[in-house]
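Trainee: Show me the folded form of this:
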Amino acid sequence: EVQLVEAGGGLVQAGGSLRLSCTASGFAFGDYAIGWFRQAPGKEREGVSCISNGDGTTTYADSVKERFVTSTDNAESTAYLQMNSLKPEDTAVYLCNAVQSSWSGIRKYWGQGTQVTVSS
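Mentor: Alright, predicted model coming up:
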């Protein structure tokens, strides 16, 4: 069974930090790019970061650059999102996804999300 399970969300004061994890099972984690997204109430889902498989190139939304860092541990089939200097506007449900693009098509898996709440 394919699963992506996020963890590490919670309530934190502005300026604080959290580290989210995204643990995969049921597929070859190292063959997939990992993306982090967030969705706040009443807003569209927003891409936060992406890390490619292979060379580990990272990309960040402008709103989180210099504050968030994404990484992967292929041995543990886990991706991380280190979030520093958190702001109230970072409050959202954070989700990870895994994407593989190949000649046979695109495979994409989503986790269920973890709530992050930043108080002012």
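Trainee: Name the helix or strand for the most centrally placed residue in the chain, please.
Mentor: Nearest to the mean C-alpha position of the chain, counting by C-alpha atoms, centre = their mean, stands Trp36 at 2.7 Å. Remark: Trp36 resides in strand 33-39, with elements defined by DSSP states H and E.
Trainee: Next secondary structure after the lengthiest strand in the chain?
Mentor: Using DSSP state E to define each element, the chain has its longest strand at strand 92-102. Once the chain leaves strand 92-102, the next helix or strand it forms, by DSSP H and E, is strand 105-110.
Trainee: Can you point out the buried residues in the helix or strand following that next one?
Mentor: Using DSSP H and E, the next helix or strand after strand 105-110 towards the C-terminus is strand 114-119. Using 16 or more other C-beta atoms under 10 Å as the test for burial, strand 114-119 gives 114, 116, 118. No exception for glycine: its C-beta is placed from N, CA and C like everyone else's.
Trainee: Quickly run through the sheet partners of strand 114-119, with directions.
Mentor: Strand 114-119 has these partner strands in its sheet, going by DSSP bridges: strand 10-13 (parallel), strand 92-102 (antiparallel).
Trainee: Tell me which of those strands lies nearest to Gly30.
Mentor: strand 92-102 (10.3 Å; C-beta to C-beta).
Trainee: Next, the angle from the longest strand of the chain to strand 105-110.
Mentor: 160 degrees (axes from the mean of the first three to the mean of the last three C-alpha atoms, to 10 degrees).
Trainee: What residues sit buried inside strand 92-102?
Mentor: 92-100.
Trainee: if we can go back for a sec, and which of the buried residues of strand 114-119 is nearest to Phe68?
Mentor: Among the buried residues of strand 114-119, and counting by C-beta to C-beta, the member closest to Phe68 is Val116, at 11.2 Å.
Trainee: Ramachandran angles for Ser17?
Mentor: phi -130, psi 150 (degrees, to the nearest 10).
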